[in-house]
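S.K.: build me a model from this:
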Amino acid sequence: MRRLFKEIAAFIFGRTYYAVIIGHIGSGDHYDIASQIHATAASADAHRRRIEQTRSFIYIETVTFRSRKAYPIAPH
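M.R.: Below is the predicted model:
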């Protein structure tokens, strides 16, 4: 029953996705969305932790959005 409700909600409102916004170190206020769209908050959080270990980018925030389009999400 729960799965049916989730599918109906996804059809009406769209599926929830997560995107990580990053900043380029040394470029002032240049921000981008990282190259991956995540289906779960845990996956986006793991990506945030990987970004924080680099010297090229800084983590700005994670944003959520809904889309009726089903994006193919690659396993990480």
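S.K.: which element is I8 on?
M.R.: Element membership for I8 (DSSP states H and E) is helix 2-13.
S.K.: who are the packing partners of the one helix or strand R49 maps to?
M.R.: Following DSSP H and E, one finds R49 within helix 41-52. Using 3 or more CB pairs under 8 Å, 6 or more residues apart in numbering; DSSP states H and E as the contact criterion, the neighbours of helix 41-52 among helices and strands are strand 15-24, strand 31-38, strand 57-67. Every C-beta, even on glycine, is put in place using the N, C-alpha and C of the backbone.
S.K.: just to revisit the earlier point, chain center to the helix holding I8: distance?
M.R.: Its chain's average C-alpha position is 20 Å from that of helix 2-13, according to CA atoms, centre = their mean, to the nearest Å.
S.K.: circling back to that earlier point, any buried residues in the helix holding R49, and which?
M.R.: Using 16 or more other CB atoms under 10 Å as the burial criterion, the residues of helix 41-52 that qualify are 43-44, 47-48, 51.
S.K.: quick revisit: would you mark the buried spots in the helix holding I8?
M.R.: Of the residues in helix 2-13, none has enough neighbours to count as buried (16+ other CB under 10 Å).
S.K.: measure how it sits relative to strand 15-24, angle-wise.
M.R.: 70 degrees (axes from the mean of the first three to the mean of the last three CA atoms, to 10 degrees).
S.K.: helix 2-13 versus strand 57-67: what angle between them?
M.R.: 90 degrees.
S.K.: residues in contact with helix 2-13?
M.R.: Under the contact criterion CB atoms under 8 Å, 6 or more residues apart in numbering, helix 2-13 has outside partners 66, 68.
S.K.: let's see it at 6 Å
M.R.: Counting contacts by CB atoms under 6 Å, 6 or more residues apart in numbering, the residues outside helix 2-13 that touch it are R66.
S.K.: could you do stretch 58-69 as well?
M.R.: Stretch 58-69 is contacted by residues 13-14, 16-21, 23, 25, 31, 44, 48, 51-52 when judged by CB under 6 Å, 6+ apart.
S.K.: can you pick out the most distant pair from those?
M.R.: Farthest-apart pair in the contacts of stretch 58-69 is F13 and I25; separation 36.6 Å (CB to CB).
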